[in-house]
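Based on what follows, work out the 3D shape:
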Amino acid sequence: MSILQTDRTFREPINKITTFFMVAFHIGAIAALFFFTWKALAVAIVLWWVAGSLGIGMGYHRLLTHRGFKTYKWIEYLMTVCATLTLEGGPFFWVAIHRVHHQNTDKEGDPHSPREGGFWAHMGWIMTGRLMSNQSPSLLPYVPDLRKDEFHTWISKWHWVPLTVLGLALLAFGGWPCLFWGIFLRTVVGLHSTWLVNSATHMWGTQRFLTTDTSKNSLWVALLTFGEGWHNNHHAHPQSARHGLVWHEIDFNWYGLVALRSIGLVWDIKTTKLKQAVAQPTVSSPDAIELATAAAGDD
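Below you'll find the predicted structure:
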C-alpha cells in the first residue's frame with residue numbers, strides 16, 4: 001500500500017507557514033554546502049552542542065519536562081534560551097507535547113506515533129501544525145508549572161527572537177558562511193536529529209524493558225542527539241536524568257550534567273540504578289538488564 005494512503009501526513013491539511021519555514025531552512029542548509037569555511041564549520045558544531053545538548057537534551061527534556069535534576073533559575077533560563085535556538089518552539093509547546101507523548105505513547109492522542117506513519121512521526125505532525133500554538137487549550141493543562149513562571153511565559157511567545165538575534169550576530173561576525181552553517185545547516189541537522197527520537201527510536205533498535213509502547217534504544221540516534229537515543233531506557237524510567245545506563249551507552253547529556261554537578265551548578269539528580277541481569281530477549285542480545293529507579297538523589 002502506498003505511503004500516501006497509509007501515512008497520516010497526507011490526510012491532514014498542511015500548515016502553510018510552518019511548511020514555508022521548514023522548506024526555507026532546508027534550502028538554506030543545502031546552500032550552506034556552497035559557503036564552506038573552517039570557521040563556519042566550527043561555529044556550527046559549537047552551536048549544535050549548545051542548542052541540542054544544553055538546550056534540548058538537558059534543558060527542555062531532562063529539566064523542564066521531567067524535572068530530573070535541580071539547578072539555579074538562571075541556569076534553567078539559560079538552557080531554555082539555548083533550546084529556542086533549535087527552531088523547535090518555546091517551552092510551553094515543547095514540554096507539553098512531550099508530556100502528552102509520555103501519557104499516550106503509541107495510543108490515541110500521541111502527537112507523533114509511527115503507528116500513524118513513519119513520515120508522520122518524523123516531521124509530518126509538525127508540518128500539519130495542528131498543535132503548534134503555545135496557547136492551545138489542549139496543551140496548556142500540561143504545563144501548569146511553566147505557566148506560573150513569567151520568563152517561560154514570555155519566551156514561549158517570543159521563542160523566535162534568540163534565533164533571529166543569533167543569525168544577525170553570525171552574519172556580522174562571519175558573513176554568509178557563518179550564517180548558513182550556524183543557522184540553516186546546523187538547525188536542520190538538529191531538527192532531524194530530534195525528530196529521529198520520535199520516529200526511528202519507535203521503529204528500530206533494541207528493547208531492554210518490556211514497556212507498553214514501541215520505544216527502543218538506538219546508538220546512532222543517541223550519537224546524533226547527545227544521548228536521547230536511549231529511548232526505551234527513558235520510557236521505562238522517564239524521570240531519570242541518566243538515559244545511557246551502562247558504560248557503552250554513550251550519553252553526552254548525562255556527562256554534561258555530571259560536569260555541572262561537579263562545579264555545583266546542578267544537584268539532586270534523579271537516576272536509575274543497575275540491579276541485576278535478567279533473561280529478557282532484545283533485538284540484538286539474549287540478555288537484558290533490569291534497572292530500578294532510585295527514589296531520588298545523586299548517582
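
Could you list the residues in contact with the host helix or strand of Gly190?
Taking DSSP states H and E as the definition, Gly190 sits inside helix 186-198. For helix 186-198, contacts defined as CB atoms under 8 Å, 6 or more residues apart in numbering pick out 25-26, 28-29, 44, 47-48, 51-52, 56, 85-88, 101, 112, 114, 121-123, 125-126, 163, 218, 221, 224-225, 228-229, 231. For the C-beta atoms, the positions are set from N, CA and C on the backbone; glycine is no exception.

buried stuff in the helix or strand just after it?
For helix 186-198, the following helix or strand on the C-terminal side (DSSP H and E) is helix 219-224. Using 16 or more other CB atoms under 10 Å as the test for burial, helix 219-224 gives Val221, Ala222, Leu224.

Does anything pack onto helix 219-224? Which helices or strands?
Packing partners of helix 219-224 (3 or more CB pairs under 8 Å, 6 or more residues apart in numbering; DSSP states H and E): helix 186-198.

what's the angle from the longest helix out of those in the chain to helix 186-198?
Criterion DSSP state H: the longest helix present in the chain is helix 160-179. Angle, helix 160-179 to helix 186-198, by axes from the mean of the first three to the mean of the last three CA atoms, to 10 degrees: 120 degrees.

got the buried residues for helix 160-179?
In helix 160-179, counting by 16+ other CB under 10 Å, buried: Pro162, Leu163, Leu166, Gly167, Leu170, Leu171, Gly174, Pro177, Cys178, Leu179.

One more: stretch 66-81?
By neighbour count on 16+ other CB under 10 Å, the buried set for stretch 66-81 is His66, Gly68, Phe69, Thr71, Ile75, Glu76, Met79, Thr80, Val81.

would you turn those residues into a markdown table with secondary structure?
Shown next, in a markdown table, are the buried residues of stretch 66-81 (DSSP: H, G, I helix; E, B strand; the rest coil):
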| residue | secondary structure |
| --- | --- |
| His66 | coil |
| Gly68 | coil |
| Phe69 | coil |
| Thr71 | strand |
| Ile75 | helix |
| Glu76 | helix |
| Met79 | helix |
| Thr80 | helix |
| Val81 | helix |
